[in-house]
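Student: Quick one, fold the following:
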Amino acid sequence: MKLTDLSSILVIRRDNIGDLVCTTPMLTALRQAYPQARIAALVNSYNQEVLHANTDVDQVYAYTKSKHRRPGESRLRAWVKQAWLYLNLRRERFDLVIVAGSSYSPRTIQLASWLAPRHIIAYGASNTLPSPSEKLISVYRESNDHLHEVEAVFHLLRPLGITGLPGPMHVFPDLAARSRFQNYLGKIKGDGKLVGFHLSSRRPDQRWPADKFFALIRSMHQTHGISCLLFWAPGEEGDPMHPGDDNKAAQLIARLDRAAIPVQACSTHTLRELIAGLSLCDQLILSDGGALHLAAALGKPLVCLFGDVNPEHWHPWGVPYKLLQPDTRRVADLQPDMVQQAWEDLNALP
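Tutor: Model (predicted):
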């Protein structure tokens, strides 16, 4: 079988939310190149809503990682369900499996091989080593290629003759969830911009304190008349499985209410709700992470705060943005006036 004659393709992307968002340009290019093919994606329950309503994908297969299992669900049950899913995927006998990512992933290549497709495309460990399988087509990167995650993933399509620059990322808000959030906006929307602020980040070096959020929002409201939507990861800070920022959000909302600053709290307990809420904002200010890439995929201009993360590889793709990264690589060291200046500079862009 030639790689130009593909009727079924499986893309594996089992990482975090932002990783899957950065894979959507690849999915669009595959759909354009193979309009009649059946294109499927293997993801996890944590990131699967990224592909909600995405017509580039015919079917989404999702398994639950042990750390994301529902309350009361045993690890054994999660593993059995995952094994059953893999067995069903093996029965599909895909023409091509793509191990989507920006680097060599031996465990995922091993899974792709077990699924018994006709061909596999993945990043190789080294172009000096022989391929471990005749069906595996290895792609290699230069060590200093400075590619964005979107570009690195897109480069995996080169064996298919798909080259050039990737297009924009895409996610699609659920209309019912968007409508529910929209009902709240009449209470806060003034004449200024509706700016979203996301308070949370998984990484400690990416977190910005609540008092600095308050100072920034108060100043932006006083000088520019903004209204704001607040987003955060739900849950308690000490939760070992799903740490959240409910307390941080509650304290900030109380201070904003006392200062008579129009604010709408957007408690989003699902990824689908988060995407819907972000879609209502004119612009957003947030740290690097999944929410940043979701906002970029919605086409939102962004001010992004980076800690100890490579901005060349992870900056917002395809949208206007201003990026701040202190020399200390700790977001907490950024001052509110610096962030406001970046936001004002963003609005001054043509």
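Student: what's the burial count for Asn347?
Tutor: 15 (other Cβ atoms under 10 Å). In short, each C-beta sits where N, CA and C put it, glycine included.
Student: Now do the helix or strand containing it: everything it contacts.
Tutor: According to DSSP states H and E, Asn347 maps onto helix 336-348. Helix 336-348 is contacted from outside by 193, 195, 212, 215-216, 219-220, 223, 283, 285, 301-303, 305, 320-322, 324, using Cβ atoms under 8 Å, 6 or more residues apart in numbering.
Student: Buried residues in it, which are they?
Tutor: Pro336, Val339, Gln340, Ala342, Trp343, Leu346 (16 or more other Cβ atoms under 10 Å).
Student: how about TSV for those, with pLDDT and distance to Asp246 added?
Tutor: Output for these, formatted as TSV (pLDDT from 0 to 100; distance: Cβ to Cβ, whole Å):
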residue	pLDDT	distance to Asp246
Pro336	98	23
Val339	98	23
Gln340	98	26
Ala342	98	28
Trp343	98	26
Leu346	97	29
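Student: Mind putting these into TSV with distance to Thr23?
Tutor: Putting those into TSV (distance: Cβ to Cβ, whole Å) gives the following:
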residue	distance to Thr23
Pro336	34
Val339	30
Gln340	33
Ala342	28
Trp343	29
Leu346	26
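Student: Out of the residues you listed, which comes closest to Leu96?
Tutor: Checking the buried residues of helix 336-348 against Leu96 with Cβ to Cβ, the nearest one is Leu346 at 40.5 Å.
Student: partners of the residue nearest to that closest one when sequence neighbours are not counted in the sheet?
Tutor: Using Cβ to Cβ, 6 or more residues apart in numbering and skipping the chain neighbours, the partner closest in space to Leu346 is Lys322 (4.7 Å). Applying DSSP bridges to Lys322 gives these bridge partners: Val303.
Student: Now for Lys322: which residues touch it?
Tutor: Leu302, Val303, Cys304, Ala342, Trp343, Asp345, Leu346.
Student: Can you report how many residues lie near the third one?
Tutor: Close neighbours of Cys304, defined as other Cβ under 10 Å, add up to 25.
Student: Quick check: it touching Ala291?
Tutor: No. The criterion here is Cβ atoms under 8 Å, and Cys304 misses it with Ala291 at 10.1 Å.
Student: rewinding a little: quick check, nearest of the contacts of Lys322 to Ala125?
Tutor: Using Cβ to Cβ, these come closest to Ala125 at Cys304, 32.2 Å.
Student: any idea how far the closest one lies from Phe154?
Tutor: 21 Å (Cβ to Cβ, to the nearest Å).
Student: can you check Gln36 too?
Tutor: 22 Å.
Student: Compare neighbour counts for the two and give me the winner.
Tutor: Phe154 (25 against 6).
Student: quick one: contacts for the nearest residue to the more buried one once chain neighbours are set aside?
Tutor: Distance criterion Cβ to Cβ, 6+ apart; nearest residue to Phe154, sequence neighbours excluded, is Pro166 at 4.1 Å. Residues in contact with Pro166 (Cβ under 8 Å, 6+ apart) are Pro25, Met26, Ala29, Val150, Glu151, Val153, Phe154, Trp317.
Student: of all those residues, which two lie farthest apart?
Tutor: Longest distance between any two of the contacts of Pro166 is 14.1 Å, between Ala29 and Trp317; criterion Cβ to Cβ.
Student: thought Arg14 was touching Ser45?
Tutor: No. At 10.5 Å, Arg14 does not count as touching Ser45 under the criterion of Cβ under 8 Å.
Student: between those two, who's got more neighbours?
Tutor: Arg14 (22 against 15).
Student: ok, so what distance separates the more buried one from His155?
Tutor: Taking Cβ to Cβ, one finds Arg14 at 19 Å from His155.
Student: repeat for Asn347
Tutor: Distance from Asn347 to His155, by Cβ to Cβ: 34 Å.
Student: Repeat that for Asp257.
Tutor: From Asp257 to His155 the distance is 49 Å (Cβ to Cβ).
Student: who's more crowded, the two?
Tutor: The neighbour comparison of Asp257 against His155 (other Cβ under 10 Å) goes to His155, with 20 against 12.
Student: SS state for that one?
Tutor: Under DSSP: H, G, I helix; E, B strand; the rest coil, His155 falls in the helix class.
Student: what about the strands in the stretch 51-200 of the chain?
Tutor: With strands called from DSSP state E, counting those that start in this stretch, the stretch 51-200 of the chain shows them at 59-63, 96-99, 119-123, 136-139, 194-198.
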